[in-house]
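Student: Sequence and computational prediction follow.
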Protein chains: 4
Amino acid sequence: MSSQSILSFAPGTPAARLNEWLQFFDTNGTTATQQFLGDTPVIIAHGPGVDTQAPAALAAPVAKVAVTGDFRLGRRELRPGGTIVRIGDAAVGDGSLNVFAGPCAVENQQQMLACADIAANYGSVGLRGGAFKPRTSPYSFQGLKWAGLELLAEARQHTGLPILTEVLDPRHVERVAEIADGLQIGARNMQNFELLTEVGRSGRPVVLKRGFGCTVDETLAAAEYVLAQGNDQVILCERGIRTFEHATRFTLDISAVALMKQRSHLPVMVDPSHSVGIPSLVEPVSMAAAAAGADALLIDVHTAPEQALCDGKQALLPTDFGSLMGKLELLAMGLGRKMAGVMRPVLADSER
Amino acid sequence: MSSQSILSFAPGTPAARLNEWLQFFDTNGTTATQQFLGDTPVIIAHGPGVDTQAPAALAAPVAKVAVTGDFRLGRRELRPGGTIVRIGDAAVGDGSLNVFAGPCAVENQQQMLACADIAANYGSVGLRGGAFKPRTSPYSFQGLKWAGLELLAEARQHTGLPILTEVLDPRHVERVAEIADGLQIGARNMQNFELLTEVGRSGRPVVLKRGFGCTVDETLAAAEYVLAQGNDQVILCERGIRTFEHATRFTLDISAVALMKQRSHLPVMVDPSHSVGIPSLVEPVSMAAAAAGADALLIDVHTAPEQALCDGKQALLPTDFGSLMGKLELLAMGLGRKMAGVMRPVLADSER
Amino acid sequence: MSSQSILSFAPGTPAARLNEWLQFFDTNGTTATQQFLGDTPVIIAHGPGVDTQAPAALAAPVAKVAVTGDFRLGRRELRPGGTIVRIGDAAVGDGSLNVFAGPCAVENQQQMLACADIAANYGSVGLRGGAFKPRTSPYSFQGLKWAGLELLAEARQHTGLPILTEVLDPRHVERVAEIADGLQIGARNMQNFELLTEVGRSGRPVVLKRGFGCTVDETLAAAEYVLAQGNDQVILCERGIRTFEHATRFTLDISAVALMKQRSHLPVMVDPSHSVGIPSLVEPVSMAAAAAGADALLIDVHTAPEQALCDGKQALLPTDFGSLMGKLELLAMGLGRKMAGVMRPVLADSER
Amino acid sequence: MSSQSILSFAPGTPAARLNEWLQFFDTNGTTATQQFLGDTPVIIAHGPGVDTQAPAALAAPVAKVAVTGDFRLGRRELRPGGTIVRIGDAAVGDGSLNVFAGPCAVENQQQMLACADIAANYGSVGLRGGAFKPRTSPYSFQGLKWAGLELLAEARQHTGLPILTEVLDPRHVERVAEIADGLQIGARNMQNFELLTEVGRSGRPVVLKRGFGCTVDETLAAAEYVLAQGNDQVILCERGIRTFEHATRFTLDISAVALMKQRSHLPVMVDPSHSVGIPSLVEPVSMAAAAAGADALLIDVHTAPEQALCDGKQALLPTDFGSLMGKLELLAMGLGRKMAGVMRPVLADSER
């Protein structure tokens, strides 16, 4: 009966050549649409003629993948080697282990620069920091907003590291995308489809956090909203799900890390800090995430966790972060992988 | 030590009189802000002077409620008698049992009007119908959008019943609010705080669906985003949470219905259809919801469920809906409550 | 291909007539075993000849039900009218609403008799009370054990009501069954299959509590362990499942009540007390359970909840229990059902 | 106020010396009981005199730990260096990484010996295999029972590796303990307290699997039932919990591995096979478990998974098991740990 397939073509295949395929499908009663997965042209065909022998004159597809359901552009079969997402100099998905670190929320210049220094000195490849903070209560600190973004940009200049920050509102995407190197979609917004579409359109790298009440399948489906805009720079981020176990803040779904790597060509990040909510568990869970195959880790670091305006209780102290980075480096060797960042000699301020 | 209280005042208390309170608190080192809960002026005071004896000349508060945490304007203590939310002629929260019914999604004129007739004839107080549909996959039917809203408006004119519909995007709120009698925030958007703020500003009645991964406390906190805009027309809607039990689509949290009624003055609605996802369970679960104290039910009805473009498999057939409405009427008597709607004699088209 | 069916026969069908069926199946390559579901003989046949036309001379089955999977003897199709489980004079499953009440744990003679009086006076059909208590910690009160059973028996004599109590250990079943009218399997033991088999063998009525981490399907499968011993006197008991929501102790799965009634001929009980763990929620949740179709309720009542040795904080005070019983009686009328118990004039001790 | 402490003493402290402590507490109004944690004498004291300065003549405790709640003998503070559980030559808890492998169920001699060979050849330190199988349905294969135990004993003789097997019924414990080197308590029986007490009494090493609906706190409390019998040879085993995510069979709670290690002195095992239920995920999840600090892994291996009588679909093929063992060895180096087992040259049968 009627079936569905995705055909992918070499980057640069001329539009005219792709149109020949669309015409071919049109003539045999098959619905076909052409899209891009980054620079890869793909044609999604659905109908009785999907598997009809095509004329030899048509451009040969690089891959043809039979699909069922709505998980399409993210399927690993389309890119068995995986997608590399570039955020600044970081290449997430190239096999290396990448750590993004920083405070949960940008609070002020002094705090942001201090945290950025720590992140940079111990070998992070990028900075995290929230300027727009989605808070359960309207009465909680909502972030410094645009002023926070400016501090993040200053931290980028200070350290040379790219910045990753959350965007909450489709009306903000364009402006945030002008400043940030990577856009983060928070767990509460994983199924905010209007927002996903806007970040897809922005073309910026996107870290898509799994909703804490959402399945792996739904996470992959949410990624399709970004991919369907032609933006293939998507990192899937496991950050814990809601379960009956409240000894930790959320339950990190370690199996999902491996499962998403197997099902999708997109790289996978893990956020141990928000998942466990207990500093002493961040190290073992980070180690586990790397061993399960995560491409990147997102870690809360704070110079004075007890004074943090948001989620401070889970942030690592600088020394603990340094210790973790050292252990991750040894672990990476045991895994036959390399740490992406480099530790920097810590300079006195006068030496900069 | 420092404590926090909410003072509520009689509607119509002059601003000058409220300002006297703000000045009083200011002089004794207490932070105080004035807000409205609908037409009720409230002052939220936080600081050492909260419980200082106030001068007798100040306007006497109707209630003074000590609060901890961020659950403020929704607290039942502020309105022990409860809030009535008016959607068209329906008065949700006045003790009566209100049924809103209709199709999950507006599909076309013929379907919408047929479903609206059924809803109206069997005693619904309002129509439901999705024009903007949040779908897990970008490749699923996303609703008729603005055209769907026009069909809803037509169904309103046809039946005289108010219409309730979902809004997904903060950029759409103003325009949707011009057409719809009530705005629905879907489960996936319960923590889309930008959207909550916009619907709060719209002043329209809001049905706030509990996120399937969210707690009762978080649901109450989300309502605060709407209430904090001065809009007290909020109905909390339980529609099932995610659990390990997959025999039903979600697990309806019946205890939460009673718990939210006890903790908050806001009325509570239950959506059995989306919760169970199995038509034969809609009736017993609707009965249970009413018996647990729900003020309203939201029920999917479809003239041809098997052809529905969205969630058809859970919609009730017209005859089953009629049977349920009859049973709810008897149940309401056993509960000492009344059904809000009236059954209408079904007229042949020629008689209208 | 090979399929599976259950044939049920009229009670009293002679063994010789059943054997003719077994021989018939044997000769056409079908595996068949004969069992009893209470007094109903059934033959479970599995193989290619299940649907072969049987000789007219064979005893006509009352029903023949095609089955897939391992849910067999509990299927509603085998007894569309449902099974009535008799505990003392109570007939659970006959359409009436039955309340079993008493303390969580038997503590001493005075407490047990006082609670029993309250249960009896307000119309309970049976007494609950734990003598053997399964406790999370070995350092908690483990129940009065055999002495507790004697106090329960005394309460039975005092009130004339049957007693229902938990059994924990397969080595205890025989002796507990000699004393108690009904045996309760606790949630923690729902998949203690050795224990299930022993209570099946005892022939006593069994209340099988759903495990808080177990699905409806697993609950029905657990009941098969009892049914497979020929004991059809099984009541399924919903008592809440573990979910992320901790505002209540467990999450009562109200849909499961209706679902188990639809799938199985066994009656269904609900335990609101242990499910919610909050006295003020026991009433609305009890009402909901009855409205959803529960045949029975199991309610913790205590004369001095704050002094209870086990789970006291969830027990209803006598007056609240009385109020609930009155509301249930009105509700039952709205549902077209009757309350099974009768309220008794409360006599002074001297009048007894 | 009244408080509670545990005092631990050097192994071999004479009973008379311990009695002096009991008398001392008795005279100052403190309840004290003496127990053993393995060969370590402990006194649990509860009352106002817990912290009274004791006479210098009393035996000096090795440690004194203030406790709240019912988590007592398993607390890490009592043995900061951790407990080593010895099963045959394996020393679980000494810092090394130990793999126990074998089939889910013992099926027949040929299968058991073949699986045992594979386990042994690739460096397992012990054999797993179920003789008594707890099955959701009474109609599923229930294990070979005593005959299965004999086959396990034969596999032990064949390989020299100790055997680990599940016990289900308190009436079986004594006899199973005579044969098996380690007793396993399955997830469904984690709160079968009668069974826990019996395995405690047996003195055998116990692998206590976390119930799939149970919290970390409840798991630690269940271990107390074994410890309270003086048996300190307990391994806690994480094997996945029930969550809404059904892409994997259960959700492995990787944070719990680290958390249990921090809170308790007992070693921790992880069962990736039953947790994920998908062979391709066993490797990454095993790696994650080791990286999170697990002392041991329990892995299903089968020579012909597709023919297994129980849970075959999750078993690793021999070659995949071998590959995993090689990767674990490299990983252990990265973690600064050593693999406990040794790979053996695979001999032809004639060479044995």
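Tutor: Arrived safely, thanks for sending.

Student: For the stretch 251-352 of chain A, give me the ranges with low pLDDT.
Tutor: Residue ranges of the stretch 251-352 of chain A with pLDDT under 70: A:345-352.

Student: 50 instead?
Tutor: Of all residues in the stretch 251-352 of chain A, those with pLDDT under 50 make up the ranges A:348, A:351-352.

Student: Repeat that for the stretch 1-150 of chain A.
Tutor: Using pLDDT under 50, the stretch 1-150 of chain A drops low at A:1.

Student: which phi and psi does A:Pro267 have?
Tutor: As for A:Pro267, its main-chain torsions (degrees, to the nearest 10) stand at phi -70, psi 160.

Student: Check the gap between it and A:Ser286 for me.
Tutor: Between A:Pro267 and A:Ser286 the computed distance is 16 Å (C-beta to C-beta, to the nearest Å). C-beta coordinates here come from the backbone N, C-alpha and C atoms, glycine included.

Student: Now do A:Ala258 against A:Ile84, distance only.
Tutor: Look at A:Ala258 and A:Ile84: by C-beta to C-beta, they are 19 Å apart.

Student: Actually, A:Ala119.
Tutor: Distance of A:Ala119 to A:Ile84, given as C-beta to C-beta: 22 Å.

Student: So between those two, which is more surrounded?
Tutor: Set side by side, A:Ala119 and A:Ile84 show unequal neighbour counts under other C-beta atoms under 10 Å in any protein chain shown, the larger going to A:Ala119 at 29 against 18.

Student: I'd guessed the more buried one sits against A:Gly129; true?
Tutor: No: A:Ala119 sits out of contact with A:Gly129 when judged by C-beta atoms under 8 Å, with a separation of 9.4 Å.

Student: Quick check: neighbours shared by those two?
Tutor: Among the neighbours of A:Ala119, those also in contact with A:Gly129 (C-beta atoms under 8 Å, 6 or more residues apart in numbering or on different chains) are A:Gly102.

Student: quick one, strands of the stretch 1-150 of chain A?
Tutor: Counting by DSSP state E, counting those that start in this stretch, the stretch 1-150 of chain A forms strands over residues A:3-8, A:31-37, A:40-47, A:63-66, A:85-87, A:90-92, A:98-102, A:126-128, given from the N-terminal end onward.

Student: Same question for the stretch 201-350 of chain A.
Tutor: Taking DSSP E, counting those that start in this stretch as the criterion, the stretch 201-350 of chain A carries its strands at A:206-209, A:234-238, A:268-270, A:296-300.

Student: partner strands of the third one, parallel or antiparallel?
Tutor: Based on DSSP bridges, the strands next to strand A:268-270 in the sheet, each with its direction, are strand A:234-238 (parallel), strand A:296-300 (parallel).

Student: Same question for the first one.
Tutor: For strand A:206-209, sheet partners with direction are given as strand A:182-185 (parallel), strand A:234-238 (parallel), following DSSP bridges.

Student: Redo the ones you listed as JSON lines? Include mean neighbour count and mean pLDDT.
Tutor: Rendered in JSON lines, the data for those read as follows (neighbours: other C-beta atoms under 10 Å in any protein chain shown; pLDDT from 0 to 100):
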{"stretch": "strand A:182-185", "mean neighbour count": "26", "mean pLDDT": "98"}
{"stretch": "strand A:234-238", "mean neighbour count": "28", "mean pLDDT": "98"}
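
Student: Tell me which of the ones you listed sits nearest to D:Phe141.
Tutor: strand A:234-238 (36.0 Å; C-beta to C-beta).

Student: the helices in the stretch 201-350 of chain A, which residues?
Tutor: Assigned helices in the stretch 201-350 of chain A, in chain order: A:216-227, A:254-263, A:272-276, A:279-291, A:318-334 (criterion: DSSP state H, counting those that start in this stretch).

Student: Pull out the buried positions in the fourth one.
Tutor: The reference is to helix A:279-291. Residues of helix A:279-291 classed as buried by neighbour count (16 or more other C-beta atoms under 10 Å in any protein chain shown): A:279, A:281-291.

Student: can you tell me which two in the residues you listed are farthest apart?
Tutor: The two members of the buried residues of helix A:279-291 with the most space between them (C-beta to C-beta) are A:Pro279 and A:Ala291, at 20.1 Å.

Student: how is chain A carved up into domains?
Tutor: If you go by automatic domain parsing, the domain ranges for chain A are A:3-68, A:85-351.

Student: which of those domains sits most buried?
Tutor: Mean neighbour count, computed with mean count of other C-beta atoms under 10 Å in any protein chain shown, is highest for domain A:85-351 among those, reaching a mean of 22.
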